[in-house]
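K.L.:
Just to be clear, the model below is a prediction. Sequence and coordinates:
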Amino acid sequence: MSLPSPIPVTLAPLSVTRIAADIEAGRTTPETVIREANARIDSLDGVIGAFVRRASADSIAAASAATGPLRGVPFGVKDIFDTFDMATEHGSPIYQGHQPIADAALVAAARLRGGAILGKTATTEFASMDPAATRNPHDLAHTPGGSSSGSAAGIAAGMLAAACGSQTGGSVIRPASFCGIAGYKPSFRLMPTVGMKVFSWTLDTAGLFAAGVADVALLAECLSGRELTAPSLTDASGLTIGLYRTALDEQLDPAMAAAWETAAKALEAAGAKLVDLPEPAALEAARAAHGDIQNFEAAQALLHERTTHRGRMGPKVLAQLDEGAAVTAEAYDAGRRTARIGRKAAAALFDTCDALLAPSAFGPAPKGLATTGDPALNKLWTLTGNPCVNVPGLATPEGLPLGLTIVTRFGRDRTTLSIARLLEDRLQAG
């Protein structure tokens, strides 16, 4: 794909917390925020390509009049989530013009709480690996990551304040890292996946994007009904942070390795105790089992598409499905047993530390749109179901973002978000 010369994009991220506070205080109105966001989409999306379709005038009018804690917050919906008022095409020509009659559960929750859904954001086909046309707002010659490409890019460019995505391998954490925003992959099944196109039913996880950690925590709290926000930690006293070391670390870009060290030192300076945690063999095996589990399930979930519409599918997703069709039931069951052992090993990690700190990707966003990047560093935590937050704030000398992941024990999402916010605050303070 031929790319244009990079066109500078003035980044102006929108804050969920600020929008909510300004509307509550009467400093602005939902209608004004929505109008300004739509104007920015009009101005920028021709070069970024975060959206595949926009909400109708009637839907915008309804959003402007909505009430609730997210009223006026510009919200993007990854195009694998059903929407009653816009087509849902799953990034595939097979579903061109497909119109659901009901919102996905997460989308319905966003509307109920006042979220202003401005459009459907670009996804790779069936949330797999065939790239969308979306570009990274930090440098249009680079990928924004995937599969939640449009959601991440839309936040980074300031066209949206909130967006939903999904992660089966690394499709929330990796694009958040590449785009320099907060990405939150909750504990498995904390967010509903009803009405989301299934790829792998034991791995698919609905996640969220926002400009910063405090924003994504507030967004998650509003959508889940759980208490996920907390006062910002003043320091890290009493916390033990594990630096999760794996054989994959040899592949880290030097800039990411330096960012990891910078983040670790920031937490240590805040009072945390740092410990090295070499990856247990059970978790190395669990990561290796991810592919068989994912692809076996995908080959069944997309059996009709694979057998009836092969000629209309992208090469990467089709290769994944064919690979999955070749996985035997015995191999799949063995992978599930390995995953179960891995989840127990993951829980044991937190007997000696409060959280893990790990790179969100091997390096900055790759140049070009032929790939969405490598999800290898994210797959394990998707399989184990542990909550993860990408923490933005660091970058290469060229200005491409570098994200770090905070991981905690399953079900301790509030802790994950709280420690991630402390790290973000310390990185911003320099």
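P.N.:
Perfect, I can see it now.

K.L.:
Residue 370 - that's part of a strand, no?
P.N.:
No. With DSSP: H, G, I helix; E, B strand; the rest coil as the criterion, residue 370 is assigned coil and is not in a strand.

K.L.:
pretty sure it contacts residue 131?
P.N.:
Yes. With contacts defined as CB atoms under 8 Å, residue 370 counts as touching residue 131 at a distance of 6.6 Å. Heads up, the C-betas are built off the backbone N, CA and C, glycines and all.

K.L.:
between those two, which one's more packed in?
P.N.:
Remark: of residue 370 and residue 131, residue 131 carries more neighbours, 24 against 9, as counted by other CB atoms under 10 Å.

K.L.:
Is the more buried one located within a strand, as I assumed?
P.N.:
No. Counting by three-state DSSP, residue 131 is not found in a strand; it is coil.

K.L.:
you'd agree it is up against residue 373?
P.N.:
No. Under the criterion of CB under 8 Å, residue 131 makes no contact with residue 373, lying 9.8 Å away.

K.L.:
Quick check: neighbours shared by the two?
P.N.:
Contact with both residue 131 and residue 373 is made by residues 143, 146, according to CB atoms under 8 Å, 6 or more residues apart in numbering.

K.L.:
ok, residue 191 - how many residues close by?
P.N.:
Close neighbours of residue 191, defined as other CB under 10 Å, add up to 22.

K.L.:
what's the closest non-adjacent residue to the residue nearest the centre of the chain?
P.N.:
For the chain, residue 172 is the residue whose C-alpha lies nearest the centre (CA atoms, centre = their mean; 1.8 Å). Using CB to CB, 6 or more residues apart in numbering and skipping residues adjacent in sequence, the residue nearest residue 172 is residue 207, 3.6 Å away.

K.L.:
Enumerate every residue touching the residue nearest to the centre of the chain.
P.N.:
Residue 172 touches 148, 165, 166, 183, 184, 185, 205, 207, 208, 209, 388, 390, counting by CB under 8 Å, 6+ apart.

K.L.:
ok, now with 10 Å
P.N.:
When contacts are counted by CB atoms under 10 Å, 6 or more residues apart in numbering, residue 172 touches 78, 145, 147-148, 151-152, 164-166, 183-186, 205-209, 360, 378, 382, 388-390.

K.L.:
Same question for residue 131.
P.N.:
Each residue near residue 131 by CB under 10 Å, 6+ apart is listed here: 1, 91, 122, 124-125, 143-147, 149, 314, 316, 368-373.

K.L.:
go again using 6 Å as the cut-off
P.N.:
369, 372 (CB atoms under 6 Å, 6 or more residues apart in numbering).

K.L.:
Would you list the phi and psi of it?
P.N.:
phi -60, psi 150 (degrees, to the nearest 10).

K.L.:
And the pLDDT for it?
P.N.:
For residue 131, the pLDDT comes out at 97.

K.L.:
Kindly report the same for residue 232.
P.N.:
For residue 232, pLDDT reads 84.

K.L.:
Name the SS class of it, please.
P.N.:
Classification of residue 232 by three-state DSSP places it in coil.

K.L.:
quick one, what contacts it?
P.N.:
Going by CB under 6 Å, 6+ apart, residue 232 touches residue 421.

K.L.:
what residues are up against the closest residue to residue 151 other than its chain neighbours?
P.N.:
Computed as CB to CB, 6+ apart, the closest residue to residue 151 that is not its neighbour in sequence is residue 163, at 3.6 Å. Shown in contact with residue 163 (CB under 6 Å, 6+ apart): 76, 151, 154, 155, 209.

K.L.:
ditto for residue 281
P.N.:
For residue 281, the contact set (CB under 6 Å, 6+ apart) is empty.

K.L.:
and the gap between it and residue 338?
P.N.:
11 Å (CB to CB, to the nearest Å).

K.L.:
Same question for residue 136.
P.N.:
Residue 136 is 35 Å from residue 338, by CB to CB.

K.L.:
between the two, which one's more packed in?
P.N.:
residue 136 (30 against 21).

K.L.:
State the number of residues packed around residue 245.
P.N.:
Residue 245 has 12 neighbours, counted by other CB under 10 Å.

K.L.:
right, I mislabeled it, should have said residue 287
P.N.:
If you count neighbours by other CB under 10 Å, residue 287 ends up with 24.

K.L.:
Skip the chain neighbours and tell me the closest residue to it.
P.N.:
Closest residue to residue 287 in three dimensions, ignoring its sequence neighbours and counting by CB to CB, 6+ apart: residue 380, at 4.4 Å.

K.L.:
pLDDT weak spots in this structure?
P.N.:
Within the chain, the ranges that satisfy pLDDT under 70 run 1-8.

K.L.:
which residue ranges form the helices in it?
P.N.:
Taking DSSP state H to define them, one finds helices in the chain at 16-25, 30-48, 57-64, 105-112, 149-156, 173-179, 213-224, 254-269, 281-301, 303-308, 315-325, 329-349, 376-384, 413-429.
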